[in-house]
Structures are given as structure tokens and as C-alpha cells.
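Peer 1: How does the following fold in three dimensions:
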Amino acid sequence: MRYTLFDNQRDVIILLARILLMILFIMSGWSKLTGFDGTVSYLTSLGAPMPTVAAAVAVIMEFFVAILLIVGFYTRPLAFLFALFVIGTAVIGHPFWTMVDPERAANSTQYFKNLSICGGLLLLSVTGAGRFSVDGR
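Peer 2: The predicted model follows:
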């Protein structure tokens, strides 16, 4: 069965999906960029390896790569790379299995939110950016 309404609006929906998937990351990445020392301190407190490098990677991914995904530039490989990044942040940033409630409950939600976002990113890596993108031109 064809869903012609969705087929006719496919490119608009993909654009909307790119924006909705990335808006959280752009806001978070900007915060990390403008408060870089605090980001390094936070990652140090989490026990992240090479916290300064990890903070730089977080800024690059969450701000700059997120913008590239919104405009649809190298969408398929960047969406796949971003999915790997989000899995990494889930494991490092939300290890709910090491916590007790209420921290465990909050981090469990955040962990599974990250996995849900990965689903959208993996789908984007398969569908591509659509017509309203740099890739589509």
C-alpha cells in the first residue's frame, strides 16, 4: 500500500526530521563550546578518557556536525558517525547500571533516549538527506 500523502511530502518530512534530530545537539554543543573548561571538568568527573580531547570531539560532533546534518551535507556517513557518537555518550554519560534511584531512573531514561536518537540517525543514514539539502543539489 502506498501512502501518497507521505510520498508527496517525503523531502519536507526528511528535512523536518534532520532539524528535530539535531536541535538538541546544537544547543548542547553551543553550551559545551562556550563553556569549554566546564565541559572538560564534567568529562573528567565522569572518568572519560582524555577529557580535553573528548570535550573537543563533543563540540565538533554536537555543534558543527549537527549543523552539517541539518543542511544535509554528507548526510549518510555523518549520520552513521553521529549514531556511533551518541552510543558512546550514552555509555559514558548515562551508565545507569552503576547507579541507584533516583539517579538510576533519570539516567536510564537518558540512556534509552540516546538509543532512540540512534534509531533516527541510522534511518537517516539509509534514507539520505532528501531534496532539500546540499546533498540533494
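Peer 1: quick one: low-confidence parts of this protein?
Peer 2: Applying pLDDT under 70 to the chain flags residues 1-3, 5.
Peer 1: which residue ranges form the helices in it?
Peer 2: 4-8, 10-34, 36-46, 51-59, 66-71, 75-93, 103-127 (DSSP state H).
Peer 1: How far does the shortest one sit from its chain's centre?
Peer 2: Helix 4-8 has its average C-alpha position 27 Å from the chain's average C-alpha position, going by C-alpha atoms, centre = their mean, to the nearest Å.
Peer 1: What lies in contact with that helix?
Peer 2: Here helix 4-8 makes contact (C-beta atoms under 8 Å, 6 or more residues apart in numbering) with Ile13. C-beta coordinates here come from the backbone N, C-alpha and C atoms, glycine included.
Peer 1: about what we covered before: and the helices of the chain as CSV, adding mean neighbour count and distance to Ser133?
Peer 2: Listed next are those as CSV, based on neighbours: other C-beta atoms under 10 Å; distance: least, C-beta to C-beta, whole Å:
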stretch, mean neighbour count, distance to Ser133
helix 4-8, 9, 18
helix 10-34, 17, 7
helix 36-46, 15, 29
helix 51-59, 18, 23
helix 66-71, 19, 7
helix 75-93, 18, 6
helix 103-127, 15, 11
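Peer 1: quick one: which of those is nearest Asp135?
Peer 2: Ranking these by proximity to Asp135 (C-beta to C-beta) places helix 75-93 first, at 5.2 Å.
Peer 1: now do the same end-to-end measure for stretch 60-70.
Peer 2: 14 Å (C-alpha to C-alpha, to the nearest Å).
Peer 1: same question but for stretch 127-137, I mixed them up
Peer 2: End to end - C-alpha to C-alpha - stretch 127-137 spans 16 Å.
Peer 1: Please apply the same query to stretch 127-136.
Peer 2: Start-to-end span of stretch 127-136 (C-alpha to C-alpha) is 12 Å.
Peer 1: Show me which positions of that stretch end up buried.
Peer 2: By neighbour count on 16 or more other C-beta atoms under 10 Å, the buried set for stretch 127-136 is 129-130, 132-133, 135.
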